[in-house]
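Enquirer: The following comprises the amino acid sequence and a computationally predicted model.
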Amino acid sequence: QVQLVESGGGLVQPGGSLRLACAASGFPFGKFAMGWVRQAPGNGLEWVAAIVGGGSTTFYADSVKGRFTIAADNAEDTLYLQMNNLEPEDTAVYYCTKYPSARYSNGAFFEARGQGTQVTVSS
């Protein structure tokens, strides 16, 4: 079955960086679009970024564009999110997500997500 296991979260000061990883298994990783969503305390899920299956086309929320980079290592079945210049507003639980096809379009619904990793940005 599909398994998505996130890692790399933690406490970082404003302006700092973190790299999240998502180890995927149970499906042909390179054939599906993947992404990240986050949930801040008291808020709903917020879409963060996505990458098409097997390719390099990426998509970002305006709130993270220019600061975050999504990437997929198809040889290692691992999804990454490099987060730079972090802000307190980035504090949230970050979830890795899998989409139902290789394509991604704005507003697409994911069909699976991991258990999440906590990112806290605070001085």
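Expert: Yes, it's here.

Enquirer: count of residues packed around the residue nearest to residue 69 when sequence neighbours are not counted?
Expert: Nearest residue to residue 69, sequence neighbours excluded (C-beta to C-beta, 6 or more residues apart in numbering): residue 82, at 4.4 Å. All C-beta atoms are positioned from the backbone trio N, CA, C, and that covers glycine. Close neighbours of residue 82, defined as other C-beta atoms under 10 Å, add up to 14.

Enquirer: go on, the one 3 residues further on?
Expert: Each residue near residue 85 was counted by other C-beta under 10 Å, and the total is 13.

Enquirer: helix, strand or coil for it?
Expert: Following DSSP: H, G, I helix; E, B strand; the rest coil, the label given to residue 85 is coil.

Enquirer: Distance check, the spatially most distant residue from the centre of the chain against residue 36.
Expert: Using C-alpha atoms, centre = their mean, the residue of the chain lying farthest from its centre is residue 123. It sits 23.5 Å away. Residue 123 sits at a distance of 24 Å from residue 36 (criterion: C-beta to C-beta, to the nearest Å).

Enquirer: Strands of the protein, start to end?
Expert: Using DSSP state E, the strands of the chain run over 3-7, 10-12, 18-25, 34-39, 45-51, 58-60, 68-73, 78-83, 92-98, 112-113, 117-121.

Enquirer: okay if I get those as TSV plus distance to residue 104 and mean pLDDT?
Expert: Below are these laid out as TSV (distance: least, C-beta to C-beta, whole Å; pLDDT from 0 to 100):
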stretch	distance to residue 104	mean pLDDT
strand 3-7	16	98
strand 10-12	28	98
strand 18-25	16	98
strand 34-39	7	98
strand 45-51	5	97
strand 58-60	6	96
strand 68-73	11	97
strand 78-83	13	98
strand 92-98	10	98
strand 112-113	15	97
strand 117-121	22	98
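
Enquirer: Right, I'll call it a day here.
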